[in-house]
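*Asks:* Have a look at this prediction, sequence included:
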Amino acid sequence: MRDVPSCSFALAATLLCGCMGSYNPTSETAPTPPPAPLPANVDFELQGEFDGPCAAQGTIDVNLGHSPEAFVRAAYCQINGAEPSSDLVTTWSAQLQSEPWLRRIDVVRSLCTAAGQTCSLSYSDPWQAQVVLTTPCVRKTPRDVGAVMMYFSDCPGGVNCGLDWANTHVSGMVLPHQLYAFGESWAGYYQPDNAGFWKRELVDARWAGLQFMLLNTYGPDLVHLASLSEALTDIGGGIQIALLDDTSIWGQVQQGAPWSTVPNLGDVDTAAQTIYQTKWKPFFQAVTHGDWYLVKGRPLIYFYNAGTLKPLNVAAGVVARLKQLFSSDFGVEPFVAVDKAFFADPGMPAVADSEFIWDTFNGGASQFDLTGVTHDHFMVKWDPLGRDDPGVIATATDGIVKGPGLLTQALAGAAASDLAVFATWNDLGEGTGINRNYDYYDQGQWLAPNAFMSILRDAQCEQ
């Protein structure tokens with residue numbers, strides 16, 4: 001498997017330095033008069049097609065033009081201030097429809113290079129309006145489905161909020177948006193000190209038929225859980241919370257104690273006490289017991305390998321001790337799913353309740369039934385260039401997966417499973433998100449912002 005965290009070690013340090021402040025909506029979040037309510041539970045409608053004029057622009061809107069032909073013309077016009085040749089339009093349009101890894105941003109950057117320009121880019125919303133999705137899900141399957149939820153986006157302008165990092169974008173990255181309103185604020189940013197961020201993601205996930213969110217937790221980010229609690233109270237339930245212990249933070253000197261010192265798994269009690277007291281215990285103290293997601297009556301915890309905690313071949317003792325500490329404080333033993341890498345310890349099968357492979361593109365399928373619970377884990381979208389190589393033009397060998405085909409396959413393959421987890425709901429920088437985005441473009445057409453969510457809903461809910 002990919003022995004790296006869901007973001008790089010350097011990124012982990014940066015992101016946790018960058019999003020610890022309080023959320024302070026600007027005056028932009030309180031327009032006068034209040035905006036009209038967003039449409040609810042209707043189809044998304046595209047704005048009118050681009051038809052000119054053909055004029056050069058200082059900033060190139062990557063999302064202008066819906067059809068491949070209109071897009072290529074719009075991009076070329078903005079860059080060059082002149083009409084493209086018919087051959088150029090035909091060539092690029094054909095590639096957009098036949099090469100599933102090709103992104104709109106790759107076309108724009110290629111045209112900028114051909115013109116000898118370094119282009120500034122923007123990403124408008126091609127839809128007439130965002131839609132609030134609240135129709136209840138009436139389940140048609142006993143299978144529970146959840147997703148890993150990242151909560152380190154520090155918008156605007158902070159970690160995971162650089163527009164050029166991502167192949168697809170969410171509202172609220174640059175300007176406050178009505179989707180992320182909460183309380184007296186009529187709009188908000190996509191960032192976890194805003195309870196509106198949590199509310200929108202949780203309500204969307206509930207609409208999509210998910211039973212729970214696994215919160216990807218580094219440690220210092222636990223401060224954001226107060227806003228989560230506000231949102232959970234506001235939405236009135238219907239979706240629950242589990243913990244993914246992302247171990248990337250250990251050894252990050254910039255974070256100070258205790259994160260700067262890597263726990264030694266060979267020192268079982270000290271390592272377990274450190275991990276438990278800094279992450280597991282405060283997480284479950286911050287989330288109301290009624291909001292815990294339970295597997296056979298036990299709260300779910302994912303223990304993720306990031307290449308930080310060692311030696312791997314003695315990890316079982318630490319996991320066993322973590323479970324004991326949890327049971328002592330909370331009166332119930334957690335259901336702990338352990339990253340495949342920690343099974344280097346031959347004693348792990350007797351301790352772990354389940355097993356998972358994080359990166360199912362490079363690590364193979366992840367379906368395990370260790371203790372009588374059939375547990376599937378999937379990645380179904382992927383853009384490795386977004387975060388790690390921003391500005392690079394994609395090729396067929398980069399492993400980019402944009403379309404919904406793998407999601408459909410994954411749901412079908414896990415039809416008889418007890419538990420299915422998707423990684424992730426919303427990691428913008430790695431392009432793994434299946435949450436609401438406004439600019440999914442796959443093989444020559446826009447997919448609706450809820451395209452992936454709708455596939456989940458169709459699999460989980462009565463229509």
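*Replies:* Received it, and whenever you're ready, just let me know what you need.
*Asks:* hey, C-alpha coordinates of stretch 209-227 in CSV?
*Replies:* Listed next in CSV are the C-alpha coordinates belonging to stretch 209-227 (Å, rounded to 0.1, in the frame of the first residue of the first chain):
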residue,chain,number,x,y,z
GLY,A,209,-27.6,7.5,2.1
LEU,A,210,-24.5,7.5,4.3
GLN,A,211,-24.8,6.3,7.9
PHE,A,212,-21.6,7.8,9.2
MET,A,213,-18.6,9.9,8.7
LEU,A,214,-15.1,8.9,9.7
LEU,A,215,-13.4,12.1,10.7
ASN,A,216,-9.8,12.1,9.6
THR,A,217,-8.1,13.4,12.7
TYR,A,218,-4.5,14.5,13.1
GLY,A,219,-4.7,15.7,16.7
PRO,A,220,-4.4,19.5,17.0
ASP,A,221,-7.5,19.8,14.8
LEU,A,222,-9.7,18.4,17.6
VAL,A,223,-10.5,22.1,18.4
HIS,A,224,-12.9,22.1,15.4
LEU,A,225,-15.2,19.5,17.0
ALA,A,226,-17.1,22.2,18.9
SER,A,227,-18.4,23.4,15.5
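*Asks:* Report the distance from that stretch to the chain centre.
*Replies:* 12 Å (CA atoms, centre = their mean, to the nearest Å).
*Asks:* And for stretch 378-395?
*Replies:* Averaging C-alpha positions (CA atoms, centre = their mean) puts stretch 378-395 14 Å from its chain's average.
*Asks:* Stretch 456-463 now?
*Replies:* Relative to the centre of its chain, stretch 456-463 is centred 21 Å away, using CA atoms, centre = their mean.
*Asks:* ok now do residue 76, which residues does it touch?
*Replies:* 82, 83, 84, 88, 89, 111 (CB atoms under 8 Å, 6 or more residues apart in numbering). For the C-beta atoms, the positions are set from N, CA and C on the backbone; glycine is no exception.
*Asks:* Look up how far residue 167 lies from it.
*Replies:* Remark: distance between residue 76 and residue 167 (CB to CB, to the nearest Å) = 21 Å.
*Asks:* count of neighbours near the residue nearest to residue 349 when sequence neighbours are not counted?
*Replies:* Computed as CB to CB, 6 or more residues apart in numbering, the closest residue to residue 349 that is not its neighbour in sequence is residue 370, at 6.5 Å. Neighbour count for residue 370, taken as other CB atoms under 10 Å: 17.
*Asks:* Secondary structure element for residue 370, which one?
*Replies:* Under the criterion DSSP states H and E, no helix or strand holds residue 370.
*Asks:* cool, residue 441 as well?
*Replies:* Per DSSP H and E: strand 440-442 holds residue 441.
*Asks:* in that strand, what's buried?
*Replies:* The neighbour-count check on strand 440-442 (16 or more other CB atoms under 10 Å) flags 440, 441, 442 as buried.
*Asks:* Quick check: closest non-adjacent residue to the last one.
*Replies:* Which is residue 442. Residue 442's closest residue in space is residue 403 (CB to CB, 6+ apart), at 4.3 Å.
*Asks:* quick one, domains of this structure?
*Replies:* As assigned by automatic domain parsing, the chain contains the domains 9-27+129-460, 59-122.
*Asks:* Please identify the most buried of these.
*Replies:* Mean neighbour count, computed with mean count of other CB atoms under 10 Å, is highest for domain 9-27+129-460 among those, reaching a mean of 20.
*Asks:* now that domain: mean pLDDT?
*Replies:* In this model, domain 9-27+129-460 has an average pLDDT of 93.
*Asks:* to the chain's geometric centre, what's the distance from that domain?
*Replies:* Remark: domain 9-27+129-460 is offset 7 Å from the chain centroid, using CA atoms, centre = their mean.
*Asks:* ok, residue 375 - contacts?
*Replies:* By CB under 8 Å, 6+ apart, residue 375 lies in contact with 337, 354, 355, 356, 367, 368, 369, 417, 418, 419, 420, 421.
*Asks:* any idea whether the residue nearest to the second one when sequence neighbours are not counted is helix, strand or coil?
*Replies:* When the adjacent residues along the chain are set aside, residue 354 lies closest to residue 337, with 4.0 Å between them (CB to CB, 6+ apart). Classification of residue 337 into helix, strand or coil gives strand, according to DSSP: H, G, I helix; E, B strand; the rest coil.
*Asks:* Can I get stretch 42-51 as CSV, trimmed to CA atoms?
*Replies:* Taking Å, rounded to 0.1, in the frame of the first residue of the first chain, the C-alpha atoms of stretch 42-51 are listed here in CSV:
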residue,chain,number,x,y,z
VAL,A,42,-34.7,20.0,-7.7
ASP,A,43,-32.4,19.2,-10.6
PHE,A,44,-29.3,21.3,-11.2
GLU,A,45,-29.5,23.4,-14.3
LEU,A,46,-26.6,24.6,-16.4
GLN,A,47,-26.1,28.3,-17.2
GLY,A,48,-26.3,29.3,-20.9
GLU,A,49,-23.7,28.0,-23.3
PHE,A,50,-20.7,30.3,-24.1
ASP,A,51,-21.1,31.9,-27.5
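*Asks:* Any chance you could list what contacts that stretch?
*Replies:* Around stretch 42-51, the neighbours that count as contacts under CB under 8 Å, 6+ apart are 64-67, 70-71, 73-74, 126-131, 446, 448-450.
*Asks:* Thank you kindly, that will do.
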